[in-house]
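J.: Sequence plus the predicted model coming up.
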Amino acid sequence: MKILVAYASKHGSTTGIAEGIAAKLRAADHEVDVGPVAEVADVGTYDAYVVGSAVYYGGWMKEATAFVESNTAWLARRPVWLFSSGPIGPAAPADPKELPALREAIAPLDHRVFYGALDRHHLSIGERIVVGAVKAPDGDYRDWQRIDAWADEIAHEIAKLEAAPA
């Protein structure tokens, strides 16, 4: 199967997660393209999708939501996995506010929330004010074992789909 791993990332944490997932899928002998949702030229050329977004103020980035909305016809007919990246520190991971609508529109096989990373040096002044107000701690909180395990689950599910009679 040809798989697209598409994402929306503002500061790179979600990019890293998407690239890690793509690497695991490639290691399982799948053909994988990975890139920002804004750069996807033709979703119709893929057999399966992993779509992710950074989460800000409880929701996906606009371009990620727009990608799903504008490609619902394709995504609803093929296997799709979604992921969100964003909580840091001790904050409990929460589903993005768009998830119920995304589930209704495309019926993804799974959705996971992964902790993100924060480096204040890469933030705008406005973003620094917000993270300071909520006392968000700097650091990389991505759990690579958990991310890799989920990517392995996806690879396993795709292998089962490939083996199923047409």
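T.: That came through fine. Numbering: from 1, shown residues only.
J.: make it CA atoms for all contacts and neighbour counts henceforth
T.: OK.
J.: Go through this structure and flag its longest helix.
T.: helix 144-163 (DSSP state H).
J.: roughly how far out does that helix sit from the chain middle?
T.: Centroid separation for helix 144-163 versus its chain: 14 Å, with Cα atoms, centre = their mean, to the nearest Å.
J.: Which strands or helices does it pack on?
T.: Secondary-structure packing of helix 144-163 (3 or more Cα pairs under 8 Å, 6 or more residues apart in numbering; DSSP states H and E): helix 13-27.
J.: The longest helix of the chain vs helix 13-27, what angle?
T.: 50 degrees (axes from the mean of the first three to the mean of the last three Cα atoms, to 10 degrees).
J.: center of the chain, which residue is that?
T.: residue 52 (1.8 Å; Cα atoms, centre = their mean).
J.: Past the helix or strand harbouring that one, which element shows up next along the chain?
T.: Per DSSP states H and E: residue 52 is located in strand 48-56. Downstream of strand 48-56, the next assigned helix or strand under DSSP H and E is strand 59-60.
J.: could you point out which element follows that following strand?
T.: Next along from strand 59-60, by DSSP H and E: helix 62-70.
J.: Let me see the mean pLDDT of the helix or strand that that following helix is followed by.
T.: Note on helix 62-70: by DSSP H and E, the next helix or strand toward the C-terminus is helix 72-75. If you average the pLDDT over helix 72-75, you get 96.
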